[in-house]
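1. Output the structure for:
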Amino acid sequence: MDKFKEFLKKKDIEISFKRYCIDALGAMAQGLFCSLLIGTIINTIGTQFGISFLTQPVANVGGVEYTVGGIAMAMSGPAMAVAIGYALKCPPLVLFSMISVGFASNALGGAGGPLAVLFVAIIAAELGKAVSKETKVDILVTPLVTIGVGIFFSWLIAPPLGSAAMWVGSIIMWATDLQPFLMGILVSVIVGMALTLPISSAAICAALVLQGLAGGAAVAGCCAQMVGFAVISFRENRWGGLISQGIGTSMLQMGNIMKNPRIWIAPTLTAAITGPIATCVFHLKMNGAAISSGMGTCGLVGQIGVYTGWVADVASGAKDAITAFDWTGLILISFVLPAVIAFIINELLRKAGWVKDGDMKL
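-> Residues are numbered from 1 along each chain as shown. Below is the predicted model:
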């Protein structure tokens, strides 16, 4: 057993919640952002501004035509797997082999591909690391093991994992359509808290394909955390903190939350309020890329995702037009209500002595 532990340490194979559920999951979200999400944004820009280079096909692969954005979107599987491999500190031959693993697991996982990529990429990466540099023909053995294991497990577990993710996501979306008030609260609070915790709310939403009303509630919860913390900590962090949290991430407050958990009350209660407003009043839906549901105001990705959904719905005939009511709801849910509600709640907490000056200093 001691020799096995020494071997794992030598290979930097760390079987832990942090390595797999924080590092790998967070990296997967970055891979998705740099492929699927950026591709969606490029396509939207090309369509809205009539940029022919971005709307016309630039490649034809097997009879399928791809635009610039389409190419980026098609690479989401490899991008996720390589990002996970990087987070797991894979040596070069393992890391490069993850491209094939990501393509296979994402393709076989279907709509729930991101979850399949997460599991399969971790398995392939760790086994690839285990054999790396253990033979004199490392340049053959390491890629063969990594790709072979990755494709085998893609065939074995990617389809059921993808189906399970789709099923869970469908249940959440069905429940939100059925009970928009209660589920609006639950989804908004849970996804919003996941955004502030050192895990990836974006990856979770992508893995569960969280869209529709449930996606709108997720956007509300993430905005409540980011804008909420940005506003209530303004006296400590001024404009730098407003920007870094408001369009960056509320995860910056995690250390302060550990010191005084009560500072988390205002943004979380705000999410519980804005979530059902999003679902019941404005019927805010995320019909863009599912990853956008868990991004909130980070780079305004959540808002761009909602807008791309509107554009797609109008193009398909599912929506007549983008109305002033739509824009009002998006602005209120994303920026105005989180700022106002979180500020009021936090002031009450200050008066009660639960939150003090300096508690949210970054």
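
2. which residues in this structure form strands?
-> Secondary structure of the chain (DSSP state E): strands located at 59-61, 64-66.

3. got those strands as CSV, with distance to residue 108, mean neighbour count and mean pLDDT columns?
-> Bear in mind the C-beta positions are built from the backbone N, C-alpha and C, glycine included. Shown next, in CSV, are the strands of the chain (distance: least, C-beta to C-beta, whole Å; neighbours: other C-beta atoms under 10 Å; pLDDT from 0 to 100):
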stretch, distance to residue 108, mean neighbour count, mean pLDDT
strand 59-61, 19, 10, 88
strand 64-66, 18, 12, 90
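
4. CSV for those strands, including distance to residue 212?
-> Below are the strands of the chain laid out as CSV (distance: least, C-beta to C-beta, whole Å):
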stretch, distance to residue 212
strand 59-61, 31
strand 64-66, 27
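
5. in the stretch 51-200 of the chain, which spans are helices?
-> 52-55, 68-74, 76-87, 92-109, 113-131, 138-178, 180-196 (DSSP state H, counting those that start in this stretch).

6. how about the CA coordinates for the fifth one, as PDB?
-> If I follow you right, that is helix 113-131. Coordinates of each C-alpha in helix 113-131 appear next as PDB, following Å, rounded to 0.1, in the frame of the first residue of the first chain:
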ATOM      1  CA  GLY A 113     -21.800  15.300 -23.500                       C
ATOM      2  CA  PRO A 114     -20.100  17.700 -21.000                       C
ATOM      3  CA  LEU A 115     -20.800  15.400 -18.000                       C
ATOM      4  CA  ALA A 116     -19.500  12.400 -20.000                       C
ATOM      5  CA  VAL A 117     -16.400  14.300 -20.900                       C
ATOM      6  CA  LEU A 118     -15.700  15.100 -17.300                       C
ATOM      7  CA  PHE A 119     -15.800  11.500 -16.100                       C
ATOM      8  CA  VAL A 120     -14.100   9.900 -19.100                       C
ATOM      9  CA  ALA A 121     -11.400  12.600 -19.300                       C
ATOM     10  CA  ILE A 122     -10.500  12.200 -15.700                       C
ATOM     11  CA  ILE A 123     -10.200   8.400 -16.100                       C
ATOM     12  CA  ALA A 124      -8.100   8.600 -19.300                       C
ATOM     13  CA  ALA A 125      -5.900  11.400 -17.900                       C
ATOM     14  CA  GLU A 126      -5.100   9.600 -14.700                       C
ATOM     15  CA  LEU A 127      -4.400   6.200 -16.400                       C
ATOM     16  CA  GLY A 128      -2.300   8.000 -19.000                       C
ATOM     17  CA  LYS A 129      -0.300   9.700 -16.300                       C
ATOM     18  CA  ALA A 130       0.200   6.300 -14.600                       C
ATOM     19  CA  VAL A 131       2.000   4.800 -17.700                       C
END
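
7. Tell me which other helices or strands it touches.
-> Other elements packing on helix 113-131 under the criterion 3 or more C-beta pairs under 8 Å, 6 or more residues apart in numbering; DSSP states H and E are helix 25-32, helix 76-87, helix 92-109, helix 138-178, helix 201-207.

8. rerun at 6 Å
-> Applying 3 or more C-beta pairs under 6 Å, 6 or more residues apart in numbering; DSSP states H and E, we find helix 113-131 packed against helix 76-87, helix 92-109, helix 138-178, helix 201-207.

9. And for the longest one?
-> Packing contacts for helix 138-178, counted by 3+ C-beta pairs under 6 Å, 6+ apart, involve helix 92-109, helix 113-131, helix 212-232.

10. repeat for the second one
-> Contacts defined by 3+ C-beta pairs under 6 Å, 6+ apart place helix 68-74 against helix 38-49.

11. List the contacts of the helix it packs on.
-> In this structure, residues lying in contact with helix 38-49 by C-beta atoms under 6 Å, 6 or more residues apart in numbering are 54, 55, 68, 69, 72, 73, 289, 308.

12. Near the spatially closest residue to residue 13 that is not a sequence neighbour, how many other residues are there?
-> Leaving aside its sequence neighbours, residue 13 sits nearest to residue 126 (C-beta to C-beta, 6 or more residues apart in numbering; 5.3 Å). Neighbour count for residue 126, taken as other C-beta atoms under 10 Å: 23.

13. thinking residue 126 is in contact with residue 14, fair?
-> No: using C-beta atoms under 6 Å, residue 126 is not in contact with residue 14, being 9.3 Å away.

14. Could you measure from residue 95 over to residue 146?
-> Separation of residue 95 from residue 146 (C-beta to C-beta, to the nearest Å) stands at 9 Å.

15. what does residue 110 give?
-> 23 Å.

16. These two - which one has more neighbours?
-> It is residue 146, of residue 110 and residue 146, that has more neighbours when counted by other C-beta under 10 Å, with 30 against 16.

17. give the contact list for the residue found closest to that one once you drop the neighbours it is linked to in the chain.
-> Counting by C-beta to C-beta, 6+ apart, residue 146 lies nearest to residue 128, which is 3.4 Å off, once chain neighbours are set aside. If you count contacts by C-beta under 6 Å, 6+ apart, residue 128 has them with 94, 142, 145, 146.

18. I'd like to know which of those residues is nearest to residue 246.
-> Using C-beta to C-beta, residue 94 is the member of these that lies nearest residue 246, at 37.9 Å.

19. Identify the residues contacting that closest one.
-> 128, 129, 132, 146.

20. right, and out of those residues, which lies closest to residue 225?
-> For the contacts of residue 94, the nearest to residue 225 is residue 129 (35.0 Å; C-beta to C-beta).

21. and the residue lying closest to that closest one once chain neighbours are set aside, how many neighbours?
-> Nearest non-adjacent residue to residue 129, counting by C-beta to C-beta, 6+ apart: residue 11, 5.0 Å away. Using other C-beta under 10 Å, residue 11 is surrounded by 18 other residues.

22. Great, nothing more from me.
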